[in-house]
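> sequence plus predicted model, see below.
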Amino acid sequence: MYMLYKKEKYFKKFFLCLVILFMTFFNNIKIYSQDKKTILQNNKKKLAEEIALTNKMLNETRKNKETSINQLNLLNIQIKKREDLINSMSLEIIEIDKEITSHKDEISEKEISLNQLKDALAKLIYYAYKTRKSQDKLMYIFAAKDFHQAYMRLKYIQMYSLYIKSYAEQIKRTQDTLTLTVENLNKIRQEKTELLNKQQEEKLKLAKTINEKNITISKLKKKENELRQIIKKKEKAAKDLQNAINKLIQEEITMSAKKAGTKPVKDKLTLVPEEVALSNDFSSNKGKLPWPIEKGFISTTFGSHPHPVISGIIIKNDGLNFTTTKGSTIRSIFKGKVSAVTSIPNYNNVVMIRHGEYLSVYANLATVYVKTGDYVKTKQAIGMIYYDEKEDNATIHFELRKGTTILNPAEWLIK
């Protein structure tokens, strides 16, 4: 009888240790976050699509025997996109290396845990073998002080048998998981190899594009006089556009004051309550507003920039230029009211939309789908972009104002 009690005391300690081991094993299973890698892959996909778009546009310009600034701009954009793509791939390779290390650590931990589980199961089986005689179990049960203790000992023996079975099943699951982890590791290594090969291809393409850019610049420098004439023409057109926009805004300021029944305030729109609400709504969406084109890229940023070919010449841009494909639709960046539709030389049709105290301007439209006084929704089509056959170029000039104050649209549009 004493031996039975001694075995019970020993087994309880042993059983407790096994439970702790069992729980520790589950708590140490790692869940690896794929968030950063997914973001990089999505960015890589987006860049690849943008490069494909610039390729399509470049192929159109290459059909033209005349080398143009538009072709140079496209090459510069493609170079930037390829550099971004190569950098994104480098970051993804770093994440893959981290994932490989994590998988190796996980395999090592699983192997240790698997060995511990096997050792524990071996001890359980050995103990079961030592106490296998049914009379020993019966004696252990009948030696109880009362019925409750006898019942508890019976359940204890049943749990013991079940635990042996559960350990065997856990070993099988752990072995399966280990096998799957090893397979995943091999897949990740293959993924890294393919990505490294793809990155090398992109580097070769980048070098080729840079060479084409240098050749294009050399050709354009031979046309310096012609380029200077184009620059003067565009500067005059830009000045005419700004004068027209300012005039339209001043008219809007006068009309808004009249509508509110007050005197006009210099350089400031007078707002009625619903326009205040619209302004606040527009302002709250800063950094989240959609682009005026569905697909394409920013070809000229806000501010002053040196001319890409002729040194000493600075080009000023009061907005953003978006380059897209022929026949693309131009859309409103936010809900509002069309305050003006006009035509300006070299900018074709121009639409101005008022969003409370904010105004968005869309220049270089071939056709317009709206008229003055129309209310538009966010992303509503307002016209079709003008396509320059000579330059093989479809570019919209976009500006944003708060009253008469010029804003940088890049700070307001979604990245």
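Nice, I can see it.
> burial of Glu169, as a residue count?
When neighbours are defined as other C-beta atoms under 10 Å, Glu169 has 10 of them. (Glycine included, C-beta is placed from N, CA and C.)
> so, low pLDDT: which residues of the stretch 51-200 of the chain?
Filtered on pLDDT under 70, the stretch 51-200 of the chain yields the residue ranges 65, 114, 117-118, 120-168, 171.
> hey, where'd the helices end up in it?
For the stretch 51-200 of the chain, the helices defined by DSSP state H, counting those that start in this stretch occupy 69-130, 134-142, 147-221.
> who are the packing partners of the first one?
If I follow you right, that is helix 69-130. helix 2-27, helix 35-63, helix 147-221, strand 297-300, strand 320-323 (3 or more C-beta pairs under 8 Å, 6 or more residues apart in numbering; DSSP states H and E).
> the inter-axis angle of it versus helix 35-63?
Helix 69-130 runs at 150 degrees relative to helix 35-63, counting by axes from the mean of the first three to the mean of the last three C-alpha atoms, to 10 degrees.
> next one: helix 69-130 to chain centre, how far?
Centre-to-centre, helix 69-130 and its host chain are 21 Å apart (C-alpha atoms, centre = their mean, to the nearest Å).
> also stretch 266-275?
37 Å.
> okay, how far is it across it, tip to tip?
By C-alpha to C-alpha, to the nearest Å, the extent of stretch 266-275 from end to end equals 18 Å.
> with stretch 377-395 instead?
23 Å.
> ok, now stretch 378-395?
First residue to last in stretch 378-395 (C-alpha to C-alpha) measures 21 Å.
> in it, what counts as buried?
380, 382-387, 391-395 (16 or more other C-beta atoms under 10 Å).
> same deal with stretch 368-379?
By 16+ other C-beta under 10 Å, the buried positions in stretch 368-379 come out as 368-370, 374, 376.
> is it possible to get JSON lines of these that adds secondary structure and distance to Ser360?
Shown next, in JSON lines, are the buried residues of stretch 368-379 (DSSP: H, G, I helix; E, B strand; the rest coil; distance: C-beta to C-beta, whole Å):
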{"residue": "Val368", "secondary structure": "strand", "distance to Ser360": "14"}
{"residue": "Tyr369", "secondary structure": "coil", "distance to Ser360": "15"}
{"residue": "Val370", "secondary structure": "coil", "distance to Ser360": "13"}
{"residue": "Asp374", "secondary structure": "coil", "distance to Ser360": "14"}
{"residue": "Val376", "secondary structure": "strand", "distance to Ser360": "10"}
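> His272 against Ala257, yeah?
One correction, residue 272 is Val, not His. No - judged on C-beta atoms under 8 Å, Val272 makes no contact with Ala257 at a distance of 10.9 Å.
> of these two, give the one with the bigger neighbour count.
Remark: of Val272 and Ala257, Ala257 carries more neighbours, 16 against 13, as counted by other C-beta under 10 Å.
> ok, the spatially closest residue to the more buried one that is not a sequence neighbour - contacts?
Once flanking residues are discounted, Ala257 sits nearest to Pro264: 4.0 Å by C-beta to C-beta, 6 or more residues apart in numbering. By C-beta atoms under 8 Å, 6 or more residues apart in numbering, Pro264 lies in contact with 253-254, 256-257, 270.
> mind redoing it with 6 Å?
Neighbour list for Pro264: 253-254, 257 [criterion: C-beta atoms under 6 Å, 6 or more residues apart in numbering].
> and if you look at Leu58?
Counting by C-beta under 6 Å, 6+ apart, Leu58 touches Leu74.
> roughly how far apart are Arg173 and Thr179?
11 Å (C-beta to C-beta, to the nearest Å).
> how about Leu271?
To Thr179, Leu271 is 68 Å away according to C-beta to C-beta.
> who has more neighbours out of the two?
Shown here are Leu271 and Thr179; by other C-beta under 10 Å, Leu271 has more neighbours (16 against 11).
> pretty sure that one sits in a strand.
No - read with DSSP: H, G, I helix; E, B strand; the rest coil, Leu271 is coil and lies in no strand.
> now do the phi/psi pair for it.
Leu271 adopts backbone torsions of phi -110, psi 140, taken as degrees, to the nearest 10.
> per-residue pLDDT, it?
pLDDT, Leu271: 89.
> what of Lys295?
On the pLDDT scale, Lys295 gets 90.
> now for it: which residues touch it?
The contact partners of Lys295, by C-beta under 6 Å, 6+ apart, come to none.
> where's it, which helix or strand?
Counting by DSSP states H and E, no helix or strand carries Lys295.
> ok, back up a step: nearest to Val361, of the buried residues of stretch 378-395?
Nearest to Val361 among the buried residues of stretch 378-395, counting by C-beta to C-beta, is Ile382 at 11.3 Å.
> kind regards, and thank you for your time.
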